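# Below are the sequence and a predicted model for it; my questions follow.
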Amino acid sequence: MERKKLTRKTRTSPVTSEEFARDEQVRQKIQGEFPPVESASQVSGGLSEFLKQAIQSSDKSVYQICKDAGVSQIVVSRFLSGERDIRLATADRLAKALGLTVAKP
């Protein structure tokens, strides 16, 4: 299968108010059909939220938790700020460093 060659299109003039209004209508229609998905870290009572609370309420510093888990402090800092999610393997290592286990209710 041959790849289609793409060419970059650039505007030669500023966007008119009619074009802007039409684009805004299209954006609203698309957002109505495909609303943003709530990320797992924002779900109340989710695993990510529980892990964040455990890290923040721990007697250990974030640095010490990261060191014990063998995880980069930058990764955990971004996770705590909500900037990034972490992999399940990373969550497992952090939970082990915090002494957390998963139990059936």
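Perfect, thanks for sending it. Numbers count the residues shown, from 1 in each chain.

# what's the neighbour count on Leu94?
Using other C-beta atoms under 10 Å, Leu94 has 24 other residues around it. C-beta: built from backbone N, CA, C; applies to glycine.

# residues in contact with it?
Residues in contact with Leu94 (C-beta atoms under 8 Å, 6 or more residues apart in numbering) are Leu51, Ile55, Ile65, Ala69, Val71, Val76, Ile86.

# What confidence value was assigned to it?
As summarised for this prediction, Leu94 has a pLDDT of 96.

# next one: Pro105
pLDDT, Pro105: 72.

# quick one on the thing from earlier: can you name the two of the contacts of Leu94 that sit furthest apart?
Ile65 and Ile86 (12.7 Å; C-beta to C-beta).

# From the chain's centroid, how far away is the helix or strand hosting Gln31?
Taking DSSP states H and E as the definition, Gln31 sits inside helix 17-33. Chain-centre distance of helix 17-33: 26 Å, with C-alpha atoms, centre = their mean, to the nearest Å.

# Name the residues of whichever helix or strand comes after it that come out as buried.
Per DSSP H and E, the first helix or strand lying C-terminal to helix 17-33 is helix 47-57. Within helix 47-57, the residues that count as buried by 16 or more other C-beta atoms under 10 Å are Ser48, Leu51, Lys52, Ile55.

# Many thanks, have a good one.
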